[in-house]
Structures are given as C-alpha cells and as structure tokens.
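Q: with the input below, show me the fold.
(one chain, ligands or ions: 1)
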Amino acid sequence: MHDNKKNQELMDKITSLCKRRGFIYQGSEIYGGLAGTWDYGPLGVALKENIKALWRKQFVYNREDMYEVDAALLMNPKVWEASGHVAGFSDPLTECTQCKRRFRADQLEDPTKCPECDGALGEPRQFNMMFKTQIGAMEDSSSIAYFRPETAQGMFVNFKNVIDSFHPKLPFGMAQIGKAFRNEITPRDFIFRVREFEQMEIEYFIHESQWEATFEEWRKGMHEWMRTIGLPEKNIHELEVPKDDLAHYSKRTIDFEFDFPFGRKELYGLAYRTDFDLQNHSQASTVELTYLDEEAKEKIVPHVIEPTFGLDRTVLAILTAAYHEDEKDGEVRSFLKLKPQIAPVICAVSPLLKNKPELVAKAREVFTLLKEKFGRVMWDDNGNIGKRYRRQDEIGTPWCIVVDFDTLGEGGDALRDTVTVRDRDSGQQTRVAIDALLTTIATHLK
Ligand code: ATP
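A: Numbering: from 1, shown residues only. This next block holds a predicted model:
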C-alpha cells in the first residue's frame, strides 16, 4: 500500500481509538465541534497527568536548582508588547481569491496556487496569532488583554519574585506547565496543531559565558526525557534552525523533530534566548531584573536557555509510537505499547466469572489492595476473559490480573492465594502470589 495512504489509515485508527476508548474527543462535539480544540477524556487525562508527573520528577523534583511557577493565563498586555509578541508573533496568511479559504503561506508547496481549488492565492499578509479578549466591563482599547501564547513569559515576569523569595544561586531554572493559546491559521493533524494546548517549559538562567555548555547539557537532558517516555531514538531528529529563520529572541535554536505518521514535524525546541526577555521587561516595567553576583560583586542580567516541550504533541508522539497490531489465532489485535509509568491504567483486575460470588469477593479484595497502592487500577468484569484482554490491550494496560478457582484453593494448596498475571505485549501468563503483587508491580514501575 502507498505509504501516505497507510499513514493516513494509521492516524484514522489512532483518532478513532482515542475517541472510542475515552482518550480524546473533538471539542464541543455535539455542536459540530470547534476547529483546533480537543477535549481529553478520562484516559487522556490520566495519560497527560502521568507525563506531567514524570516531567516534574526529572526536571524539577530530582534537581535542587529548579523553581516551578503557575502563572495566570491572562497577563498584562504590556508583557506581550515587551516580549515582542504584539509586533511580531505572526504567521504569513494568504487567501484564495476564488474559494476564499485561508492558508499559512509558508506551509504551502506552491504559495501561488490554492491547494483546494487551484485558484490564485493573494499576497500573504502577517496575521497575529494571539487571542485577544476584553478585561472588565469597559470595551475600549484600554481593556484589551491577550491569552498567553506561550508559558515562557509567566516565568520571566516572576523572575524577581523567585529571586526575592528563594535567593537561588546562578545557574538556576524556572519551570512551568500550563495552557497556551494560538489562533493558528490552519489547525490540523489531530492534536498536533491546535489553538489551545499545553506546554511544559523551562527557563534556565546562566552567566552568558556558560551558554554553549548549558545548551549542550539541555540537549542531552531532552534526549534523556524522550527515552524516559519511550519515544524511539530512530524517530527523533535534530534540526539546527538556520540563522534567517530564528525567532526574534533567539541566537540559536534546535528543533527536535519527530516522525509522526503525517511527516517529520517539530515536537520540541531548545533555544538560547540570550538576555532578551529580562532586558526588555526591565526596560518596559522599570523594575530591575538582575542577579547579584556575590563573588564578582556586580549585578548582571542572566542569559537564558529554554527547553520547551509541547504536551499535546508529546501525547501524540507517544500514541503513534505505541500503537501496534499483531495477529493471534487469525484475529488482529491492536495494542498500545505504553511504558507502565505512562499507561493510564497500570493493571486491570477481574474475577474469572462474574456470577460466582466467591470469585468476585476475592477479586474485589485484590482490586482494593492494588487500587489503594497504585490508584490507576481498573475493575473489569465485562464479557469473557479474551474480550477483557483485548479491551485492556487497546488502552495500553500493561497487566491483567485474574482471580480464578485456583486462587480460592480449588486446585490445591500450592496455587491458593495466587493470581494469573497476563502481560500485554507478549500475552504470557504467569502465576503470582497475591502477597508478591505489590512489589512485583512496584518494581516494574521504577
Ligand atoms: P510550529 O513551528 O510547529 O508552529 P513553534 O516553533 O511555533 O511550532 P514554539 O513557539 O517553539 O513552537 O512552541 C513550543 C512548543 O509548543 C512546540 O515545540 C510544540 O511542542 C508546542 N506547540 C506550539 N504550537 C502548538 C500548537 N499550535 N499546537 C500544539 N502544540 C504546539
């Protein structure tokens, strides 16, 4: 089959699995949707939260030099003037003179011809991607505000607060996980390009002289992160952004691109933002944003290295890398090969038969034991065991635990109080003592 068609089919399968099984739904679906918005269902929320928890562990909690903030989504419009977003956060927009559809001019193979109707495209003009809103009851220019298009500025405007509260020594970093909004001209490719998304960002403050070494450290740190979440190395490619294409604040940027089914596209970025933001905010706010270097006895404006991670793109990369199909007994099985730390459900517990009260009671005992310890544990007694396995495979549950008559001691004392643990990827079943379940699973989660 032609690769494009196969890749489109793969995306269709993943999108449909996400909807069917409660990972991701179309935003405002019952009203026909709202372009560029998606809603996360229970399994999607769990997946995202697991990713965030791992990110925090690796980049905040396992270190001593990180300060996490959670800034407001709405910020004083002066922030966006100083950061350069009001003047320059735009994409080139072009409109078809015939069908009136709009496109991003820099994403078209032929910027003169409409890809939908072959009509002539107009001259591109710059389109600012920030979402504007009105604050308070007055509707005039003084009440204009913007939803933040990146989380970065929430950290720069809190730089002084963190210095004053914690007196960190350089180098140190600030981290933030949160929503960002961009009025994308052409949202597309499921959750890849959307108008409301989440970012996980770090601003790492340094002496200017350290920028190259620190950039290199973060480059390695980002690769380590991608290994942690199970993205295959072969699908990750670094792109050195050419000087002419650098964002207005950057002296060097590497894009980490990922082989998505719809092509090789930006997953993450690593930028050397110099002291651009702190200098501009100092000037515009007239509040000094400096660091007192006690050894040199001088105040300096730190430079900054910024690793940025799109959370929704992370979810998509993980899902596309994890989606597998194999054939068992003439039946195609689809399963998500998710790392246990990331899987929305760590394990599912079932009684072999749901109409045998003694099996159900014992299975509930095992379920409660695991649920209290791990939280992400599901009770599943619908349909036969084979169907339950398929259902759990499809949502990436690493282990299914079944309580049967042997658990109750009917097969002799040797098997009493043991359960079947079935592995998602190999389909192999092993017998594990209930007493050993907690440690067995905890070991896998490490
Ligand atoms: P692109 O070139 O794909 O528009 P960008 O270079 O503008 O992305 P950045 O401004 O560097 O992106 O944003 C940091 C990260 O935020 C990106 O690496 C990506 O993971 C994520 N991101 C940016 N725009 C979107 C979007 N519209 N939808 C989902 N994630 C996004």
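
Q: from now on I want contacts and neighbour counts done on CA atoms only, so please keep to that.
A: OK.

Q: distance check, residue 118 against the ligand.
A: Using Cα to the nearest ligand atom, to the nearest Å, we find residue 118 at a distance of 25 Å from the ligand.

Q: list the contacts for that residue?
A: With contacts defined as Cα atoms under 8 Å, 6 or more residues apart in numbering, residue 118 is in contact with no residue.

Q: would you confirm that it belongs to a strand?
A: No: using DSSP: H, G, I helix; E, B strand; the rest coil, the assignment for residue 118 is coil, not a strand.

Q: how much space between it and residue 106?
A: Separation of residue 118 from residue 106 (Cα to Cα, to the nearest Å): 17 Å.

Q: which per-residue confidence value corresponds to the spatially most central residue of the chain?
A: When the chain is reduced to its mean C-alpha position, the closest residue under Cα atoms, centre = their mean turns out to be residue 311, at 1.9 Å. Confidence at residue 311, expressed as pLDDT, is 98.

Q: all the strands of the stretch 101-250 of the chain, residue numbers only.
A: Listed from the start of the chain, the stretch 101-250 of the chain has strands (DSSP state E, counting those that start in this stretch) covering 102-104, 125-128, 132-134, 144-147, 172-181, 196-206, 236-240.

Q: how about the ones you listed in TSV, adding mean pLDDT, mean neighbour count and distance to the ligand?
A: Conversion of these to TSV gives the following (pLDDT from 0 to 100; neighbours: other Cα atoms under 10 Å; distance: least, Cα to the nearest ligand atom, whole Å):
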stretch	mean pLDDT	mean neighbour count	distance to the ligand
strand 102-104	88	19	10
strand 125-128	90	16	12
strand 132-134	92	14	16
strand 144-147	93	19	14
strand 172-181	98	21	8
strand 196-206	98	23	5
strand 236-240	98	15	12
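
Q: how about those strands in a markdown table, adding distance to residue 96?
A: Putting these into a markdown table (distance: least, Cα to Cα, whole Å) gives the following:
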| stretch | distance to residue 96 |
| --- | --- |
| strand 102-104 | 6 |
| strand 125-128 | 13 |
| strand 132-134 | 25 |
| strand 144-147 | 29 |
| strand 172-181 | 26 |
| strand 196-206 | 26 |
| strand 236-240 | 31 |
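
Q: nearest to residue 76 among those strands would be which one?
A: strand 144-147 (6.7 Å; Cα to Cα).

Q: and for that closest one, what's in contact with it?
A: Counting by Cα under 8 Å, 6+ apart, the neighbours of strand 144-147 from elsewhere in the structure are 73-77, 130-135, 180-181.

Q: test my guess that the residue nearest to the centre of the chain contacts residue 198.
A: Yes: under the contact definition of Cα atoms under 8 Å, residue 311 touches residue 198, with a separation of 5.3 Å.

Q: follow-up on the earlier one: of the strands of the stretch 101-250 of the chain, which approaches residue 43 most closely?
A: Taking Cα to Cα as the criterion, residue 43 comes closest to strand 196-206 out of the strands of the stretch 101-250 of the chain, the separation being 16.8 Å.
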